[in-house]
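A.B. asks: Whatever this is, show me its structure:
(chains A and B)
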Protein chains: 2
Amino acid sequence: MTKTQGYATLGAKKPLEPFTFERRELLQDDVSIDILYCGVCHSDVHQVRDEWAQSVYPMVPGHEIVGRVTAVGKDVKKFKVGDLAGVGCMVDSCRECGSCDKDLEQYCAGTVFTYNAPEKHTGKMTYGGYSKHIIVNKHFVLHISEKMASPEKLAAVAPLLCAGITTYSPMRHWQVSKGHKVGVVGLGGLGHMAVKWSHAFGAKTVLFTTSPNKTGDALRMGADEVVISKKANEMQLHAGSFDFIINTVAASHDLNPFLQLLKRDGTMCMIGVPDHPHPPVDTASLIFQRRSLAGSLIGGIKETQEMLDFAAKHDIVCDVEMIAMNEINQAFDRVVRSDVKYRFVIDMATLA
Amino acid sequence: MTKTQGYATLGAKKPLEPFTFERRELLQDDVSIDILYCGVCHSDVHQVRDEWAQSVYPMVPGHEIVGRVTAVGKDVKKFKVGDLAGVGCMVDSCRECGSCDKDLEQYCAGTVFTYNAPEKHTGKMTYGGYSKHIIVNKHFVLHISEKMASPEKLAAVAPLLCAGITTYSPMRHWQVSKGHKVGVVGLGGLGHMAVKWSHAFGAKTVLFTTSPNKTGDALRMGADEVVISKKANEMQLHAGSFDFIINTVAASHDLNPFLQLLKRDGTMCMIGVPDHPHPPVDTASLIFQRRSLAGSLIGGIKETQEMLDFAAKHDIVCDVEMIAMNEINQAFDRVVRSDVKYRFVIDMATLA
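C.D. replies: Coordinates of the predicted model:
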């Protein structure tokens, strides 16, 4: 067992605070990583505060992890000491089911999430990336290009491991490409990446936001147009014109004005899990143009690697605000207020 | 102009009653048909009673029409006098848009429905199949095999023109085939045809119903299993196991217990338009297995012909109860009570 430091919360109403704990021994297929940066996902806030009613304490959150390999198990060939490496939302799965067979481990019933999940080898709960060090099975460790090795780049790569793949995967699945018109609902941690991917894939990209002051950022990130979704007349101009809409807004909101914007056979894909349900869906608007309302969860490991490679090739990273580890509680409050451009990343060197 | 007889309603609260009206002159691309049988669709009731708030009176309903050709316009080659012919929900469309180009006229913004829609040539409203005679552009007239010429068969073919194609089209679009597990929600006019198609396409077919007394019929029609959808424990046995579910129930109901039964990447397709919305959809259940909630509207003309040909080849027809024209008002009341096995068809010879 290896002792390490992190930040944990001891209960739903408690702040995150310094925490010392042990990682498992390095197994033959494991990779040991010194964590350099870890992104702050809105789901970290939900889980730390037990808003999904499944939290176990103490909890060390964090699933947007980048760092350098410090040791590898004897059966690990694809990583060596000194390599840049990333870890996302998952650290294990059953490896045998239909979803695992298709490199869709995120849909496996036996997925072990990076924190707040029962660990297979020790039976204890997994602890995440708000820490100095992590040990993960090689299958769930990602390569990160040395092109991304500068501190600024590397910090901005971290949120690709969740916000990046969560937006990349549905766009690939629904085959977003040149000639398509794609909508992105919401410009937050997820939405800003969706805009970047959509633009990189060659689609005409329209950002929907309720905040006019996000227009400049959206255009800079690659949006061709910004629509203020509260304005029915602006929305109406786009009726029946979208091939695909990715809806990144988890807060409960009326989906119907967006469904109306889809073409025949268009799909709106939800990626944010709401605390309470969205209002009723007008199924007639699905029926009358054979539209679909779908959902998508993160992405598989193979596709996450593809995404990281694509990002390195096209020099795509997240827009981040760097914080010190001891600023995490204020950062959580700002995440809740959507007061972040567009993802906080913890500089783990600040964790003494 | 040709004078003909039918049954019309003169207002939302009025019964259907005998009505004399004129059909347009035979145009060069038109087919004139003596109507032998016309099915009674639940949407006839909705429209006669103005439940969709878009009814124009007098209204002659009916869009499940079979009969024999009595005359053809000079540019009509594909039909000749004496042919069996069918007309479904549409009698015209723009013929130029992207949907029309893809033989999906039902999604054209310029679709002219068979009744209660502005007719292109005269500007008057279209009158449907509760009548002796109809004139329709050849593109919207279907061939019916002489194999189906017996009175019993022909009457049972009529509802294929709406109930048949409305269920056939989404099953083809989502590629239902051998090896699939398919759910059908509801055993009414639509649902009983969905069971027959699913069985004919080789899928393992499960009917969901709230009426245990429909079990025998469902098994006879080709269902492999019947699940009483009110019983949560029966439903739970099928969690995550369906490739495709076709939901034929228009009445507002909770969709979430059915969404939970879909496999990863499974789709539930809605085909019934509810009077008021279904309760909120749990988008998390879409997200966590990349499921889709979709809709589908009738089917295009080309596919309707394919469906009729498939039905003739495999000897598939609807289960019908024949009524006389003057029994239509009682039949409407029974449709509302779902007291029909499984579609009323009007014998037009009973219209003096």
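
A.B. asks: can you tell me how far A:Phe258 sits from B:Gln305?
C.D. replies: A:Phe258 is 35 Å from B:Gln305, where distance means Cβ to Cβ, to the nearest Å. Where you see a C-beta, it was placed from the backbone N, CA and C, and this is true even at glycine.

A.B. asks: Of the two, give the one with the bigger neighbour count.
C.D. replies: The residue with more neighbours, out of A:Phe258 and B:Gln305, is A:Phe258; 22 against 18, by other Cβ atoms under 10 Å in any protein chain shown.

A.B. asks: Follow the chain on from the helix or strand the more buried one falls within and name the next helix or strand.
C.D. replies: Using DSSP states H and E, A:Phe258 falls within helix A:256-259. Next in sequence after helix A:256-259, counting helices and strands by DSSP H and E, comes strand A:262-270.

A.B. asks: what pairs with that next one, and is each one parallel or antiparallel?
C.D. replies: When pairing is defined by DSSP bridges, strand A:262-270 lines up against strand A:242-247 (parallel), strand A:292-295 (parallel).

A.B. asks: of all the ones you listed, which lies closest to A:His63?
C.D. replies: strand A:292-295 (19.0 Å; Cβ to Cβ).

A.B. asks: got a list of contacts for the closest one?
C.D. replies: By Cβ atoms under 8 Å, 6 or more residues apart in numbering or on different chains, the residues outside strand A:292-295 that reach it are A:170, A:174, A:255, A:259, A:265-271, A:281, A:286, B:267, B:281, B:283-294.

A.B. asks: mind listing what's buried in the strand or helix carrying A:Leu308?
C.D. replies: Using DSSP H and E, A:Leu308 maps to helix A:301-314. Buried positions in helix A:301-314, judged by neighbour count with 16 or more other Cβ atoms under 10 Å in any protein chain shown: A:Ile301, A:Glu303, A:Thr304, A:Gln305, A:Glu306, A:Met307, A:Leu308, A:Phe310, A:Ala311, A:Ala312.

A.B. asks: Show me what counts as buried in stretch A:45-55.
C.D. replies: Here stretch A:45-55 shows A:Val45, A:His46, A:Gln47, A:Val48, A:Arg49, A:Asp50, A:Ser55 as buried, counting by 16+ other Cβ under 10 Å.

A.B. asks: repeat for stretch A:170-184
C.D. replies: Using 16+ other Cβ under 10 Å as the test for burial, stretch A:170-184 gives A:Pro170, A:Met171, A:Arg172, A:His173, A:Trp174, A:Val176, A:His180, A:Lys181, A:Val182, A:Gly183, A:Val184.

A.B. asks: Could you list which of those belong to helices?
C.D. replies: Cross-referencing those against helices under DSSP state H gives A:Pro170, A:Met171, A:Arg172, A:His173.

A.B. asks: how about the residues you listed in CSV, adding pLDDT and distance to B:Tyr7?
C.D. replies: CSV is the format used below for these (pLDDT from 0 to 100; distance: Cβ to Cβ, whole Å):
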residue, pLDDT, distance to B:Tyr7
A:Pro170, 98, 51
A:Met171, 98, 53
A:Arg172, 98, 55
A:His173, 98, 50
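
A.B. asks: can you put the residues you listed in a markdown table and add distance to chain B?
C.D. replies: Formatted as a markdown table, those follow (distance: Cβ to the nearest Cβ, whole Å):
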| residue | distance to chain B |
| --- | --- |
| A:Pro170 | 8 |
| A:Met171 | 13 |
| A:Arg172 | 12 |
| A:His173 | 7 |
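
A.B. asks: Could you dump the strands paired with strand A:262-270 into TSV with mean neighbour count and mean pLDDT added?
C.D. replies: Output for those, formatted as TSV (neighbours: other Cβ atoms under 10 Å in any protein chain shown; pLDDT from 0 to 100):
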stretch	mean neighbour count	mean pLDDT
strand A:242-247	25	98
strand A:292-295	25	98
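
A.B. asks: Please identify the residues of the stretch 201-350 of chain A in proximity to chain B?
C.D. replies: Taking Cβ under 8 Å from any Cβ of the partner chain as the contact definition, the stretch 201-350 of chain A meets chain B at A:264, A:267, A:270-271, A:273-274, A:277-297.

A.B. asks: Could you tell me which of those count as buried?
C.D. replies: Using 16+ other Cβ under 10 Å, the buried members of those are A:264, A:267, A:270-271, A:273-274, A:278, A:280-297.

A.B. asks: so what are the domain limits for chain A?
C.D. replies: Following automatic domain parsing, one gets these domains for chain A: A:2-162+A:299-351, A:164-295.

A.B. asks: Can you give the distance from the last one to the centre of its chain?
C.D. replies: Once both centres are worked out by Cα atoms, centre = their mean, to the nearest Å, domain A:164-295 turns out to sit 17 Å from its chain's centre.

A.B. asks: swap in stretch A:67-76?
C.D. replies: Centre to centre, stretch against its chain (Cα atoms, centre = their mean), the figure for stretch A:67-76 is 24 Å.

A.B. asks: Ends of it, what's the gap?
C.D. replies: 17 Å (Cα to Cα, to the nearest Å).

A.B. asks: quick one: contacts of it?
C.D. replies: Against stretch A:67-76 from outside (Cβ under 8 Å, 6+ apart): A:26-37, A:79-86, A:133-134, A:138, A:348.

A.B. asks: List only buried entries from the residues you listed.
C.D. replies: Buried among those (16+ other Cβ under 10 Å): A:26, A:29-33, A:35-37, A:79, A:83-86, A:133-134, A:138, A:348.

A.B. asks: For the stretch 51-200 of chain A, which residues score under the pLDDT cut-off?
C.D. replies: Scanning the stretch 51-200 of chain A for pLDDT under 70 picks out no residues.

A.B. asks: ranges for the helices of it?
C.D. replies: A:98-101, A:151-157, A:163-173, A:189-200 (DSSP state H, counting those that start in this stretch).

A.B. asks: contacting residues around the closest residue to chain B within the stretch 1-150 of chain A?
C.D. replies: Of all residues in the stretch 1-150 of chain A, the one sitting closest to chain B is A:Tyr107 (4.7 Å; Cβ to the nearest Cβ). Residues in contact with A:Tyr107 (Cβ under 8 Å, 6+ apart) are A:Ser99, A:Leu297, B:Arg264, B:Phe288, B:Gln289, B:Arg290.

A.B. asks: Could you do A:Leu187 as well?
C.D. replies: Going by Cβ under 8 Å, 6+ apart, A:Leu187 touches A:Val195, A:Leu207, A:Thr209, A:Ser211, A:Lys214, A:Asp217, A:Ala218, A:Tyr342.

A.B. asks: right, and A:Ala8 touches A:Val60 too?
C.D. replies: Yes: here A:Ala8 reaches A:Val60: they are 4.7 Å apart, a contact under Cβ atoms under 8 Å.

A.B. asks: if you count what's nearby, which of those two comes out ahead?
C.D. replies: Higher neighbour count among A:Ala8 and A:Val60: A:Val60, with 25 against 22, using other Cβ under 10 Å.

A.B. asks: which phi and psi does the more buried one have?
C.D. replies: phi -110, psi 100 (degrees, to the nearest 10).

A.B. asks: Excluding residues flanking it in the chain, which one is nearest the residue sitting furthest away from the middle of chain A?
C.D. replies: Within chain A, the residue lying farthest from the chain centre (Cα atoms, centre = their mean) is A:Phe288, at 33.3 Å. Leaving aside its chain neighbours, A:Phe288 sits nearest to B:Leu297 (5.7 Å; criterion: Cβ to Cβ, 6 or more residues apart in numbering or on different chains).

A.B. asks: Give me the distance between A:Val182 and chain B.
C.D. replies: 17 Å (Cβ to the nearest Cβ, to the nearest Å).

A.B. asks: Would you mind naming the residues that bridge with that residue?
C.D. replies: With DSSP bridges as the rule, A:Val182 is bridged to A:Thr205, A:Phe244.
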